[in-house]
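Enquirer: Sequence first, then the predicted structure, then my questions.
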Amino acid sequence: ISLDDFGTGYSSLGYLQRFPIDEIKVDRSFVTDVDSNPANQALVSAIVGLGGAFRLSVVAEGVETAAEAECLRRLG
């Protein structure tokens, strides 16, 4: 089960406890310009850490540039 648009709207942290989640998908709004936006880097890093703590796969939505992809690789 994948939790889509994680970090926005109705994707609650409580879902991680209540449902058998396998994967969280980082919302595109955090992925856009992640290579040049420190706030987005901090949010993605926190989501990756949370995913690791819960042993979940983490997927980034909407990667459009090589720079974004490289930054996301560095963040885990």
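Expert: Yes, it's here. Since we're looking at a predicted model, the values are computed, not measured.
Enquirer: For the longest helix along the chain, give the mean pLDDT please.
Expert: Under DSSP state H, the helix in the chain containing the largest number of residues is helix 38-53. Per-residue confidence for helix 38-53 averages out to 94 on the pLDDT scale.
Enquirer: In PDB, list the C-alpha atoms belonging to it.
Expert: Backbone C-alpha positions of helix 38-53 (Å, rounded to 0.1, in the frame of the first residue of the first chain) are rendered in PDB as follows:
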ATOM      1  CA  PRO A  38      16.700  24.500   1.400                       C
ATOM      2  CA  ALA A  39      13.200  24.300   2.800                       C
ATOM      3  CA  ASN A  40      12.200  21.600   0.400                       C
ATOM      4  CA  GLN A  41      15.500  19.800   1.100                       C
ATOM      5  CA  ALA A  42      14.700  19.800   4.800                       C
ATOM      6  CA  LEU A  43      11.200  18.500   4.300                       C
ATOM      7  CA  VAL A  44      12.300  15.700   1.900                       C
ATOM      8  CA  SER A  45      15.100  14.800   4.300                       C
ATOM      9  CA  ALA A  46      12.600  14.500   7.200                       C
ATOM     10  CA  ILE A  47      10.300  12.400   5.100                       C
ATOM     11  CA  VAL A  48      13.100  10.100   4.100                       C
ATOM     12  CA  GLY A  49      14.100   9.800   7.800                       C
ATOM     13  CA  LEU A  50      10.600   9.000   8.800                       C
ATOM     14  CA  GLY A  51      10.300   6.400   6.000                       C
ATOM     15  CA  GLY A  52      13.500   4.800   7.200                       C
ATOM     16  CA  ALA A  53      12.300   4.700  10.800                       C
END
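Enquirer: Which neighbouring elements make contact with the following helix or strand past it?
Expert: Counting by DSSP states H and E, the next helix or strand C-terminal to helix 38-53 is strand 57-60. In terms of contacts (3 or more C-beta pairs under 8 Å, 6 or more residues apart in numbering; DSSP states H and E), strand 57-60 is packed against strand 23-26, helix 38-53. For glycine as for every other residue, the C-beta is placed from the backbone atoms N, C-alpha and C.
Enquirer: who wins for proximity to Y15 among those?
Expert: Nearest to Y15 among the helices and strands packed on strand 57-60 is strand 23-26 (9.1 Å), distances taken as C-beta to C-beta.
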